[in-house]
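In: build me a structure from this.
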Amino acid sequence: MISTAELFGLCAIIINFIAYRQSNANRYRWISALALAALSIHFLLMGAIAGCVVTAIAVARNFIAIRWRGSIVLWTFVAINLGFLAWEITTPATWIALFFAYSSSLIFTVGAIRLNDAQQIRRWFLLAELLGLCYAIYVGSVSGTVFNLFNLTSIILKLLQDRRG
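Out: Now for the predicted structure:
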């Protein structure tokens with residue numbers, strides 16, 4: 001029987017696979033926000049707080065980045081990420097988990113707010129997804145691991161498809 005946490009993770013995988021197939025950056029941001037909300041709940045139910053926090057921040061970031069992507073928005077979300085990181089350093093969380101989660105989040109933050117070209121977003125998000133994969137493996141998230149593997153595969157396939165076309 002699948003746990004509630006893994007059920008949310010499975011929903012995140014399916015929704016985010018659809019997101020990475022979008023050719024429009026704002027449509028990607030919107031669909032990705034839904035997937036990230038499901039993944040945030042997954043990490044919360046697992047007790048993986050850094051993963052829950054950074055994906056919850058990403059939901060808000062993606063919705064705001066649909067309309068606003070200026071420097072103020074960028075630096076606000078960088079500050080939010082750094083603020084939560086500072087808070088989490090005071091918790092029993094391991095530094096390696098925090099490094100993976102927040103490094104990935106900062107790359108996603110800059111990419112989601114500053115980039116408006118789906119092709120460029122995919123290229124930068126390869127590194128962020130690899131860091132997310134390391135986090136998911138580290139915290140023992142099966143769905144998070146599959147989520148990142150699917151995302152990496154989807155990004156690579158879409159980049160190859162665009163290169164051929």
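
In: for the residue positioned nearest the centre of the chain, give me its contacts.
Out: Closest residue to the average C-alpha location of the chain: Thr55 at 5.8 Å, with CA atoms, centre = their mean. Thr55 makes contact with 36-37, 39-40, 43, according to CB atoms under 8 Å, 6 or more residues apart in numbering. Every residue, glycine included, has its C-beta placed from N, CA and C.

In: Leu39 versus that one, what's the distance?
Out: 5 Å (CB to CB, to the nearest Å).

In: surely Asn81 meets Ile57?
Out: Yes - using CB atoms under 8 Å as the test, Asn81 is close enough to Ile57 to be in contact (6.3 Å).

In: between the two, what contacts are shared?
Out: Shared contacts of Asn81 and Ile57, defined by CB under 8 Å, 6+ apart, comprise 105, 109.

In: buried ones in stretch 42-55?
Out: Applying a neighbour-count criterion of 16 or more other CB atoms under 10 Å, one finds 42-46, 48-55 buried in stretch 42-55.

In: now the residues you listed as CSV including secondary structure, pLDDT and distance to Phe125?
Out: Shown next, in CSV, are the buried residues of stretch 42-55 (DSSP: H, G, I helix; E, B strand; the rest coil; pLDDT from 0 to 100; distance: CB to CB, whole Å):
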residue, secondary structure, pLDDT, distance to Phe125
His42, helix, 98, 19
Phe43, helix, 97, 18
Leu44, helix, 97, 23
Leu45, helix, 97, 25
Met46, helix, 95, 23
Ala48, coil, 95, 20
Ile49, helix, 96, 23
Ala50, helix, 96, 19
Gly51, helix, 96, 17
Cys52, helix, 97, 20
Val53, helix, 97, 19
Val54, helix, 97, 14
Thr55, helix, 96, 14
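
In: just those now: which is nearest Tyr135?
Out: Nearest to Tyr135 among these is Gly51, at 6.1 Å by CB to CB.

In: verify the stated contact: that closest one with Phe43.
Out: Yes - with contact defined as CB under 8 Å, Gly51 counts as touching Phe43 (3.5 Å).

In: show me where this structure has its helices.
Out: Under the criterion DSSP state H, the chain contains helices at 4-20, 25-46, 49-67, 71-89, 95-114, 118-139, 142-164.

In: the last one packs against which elements?
Out: Here helix 142-164 is seen to pack against helix 4-20, helix 25-46, helix 118-139 when contacts are counted using 3 or more CB pairs under 8 Å, 6 or more residues apart in numbering; DSSP states H and E.
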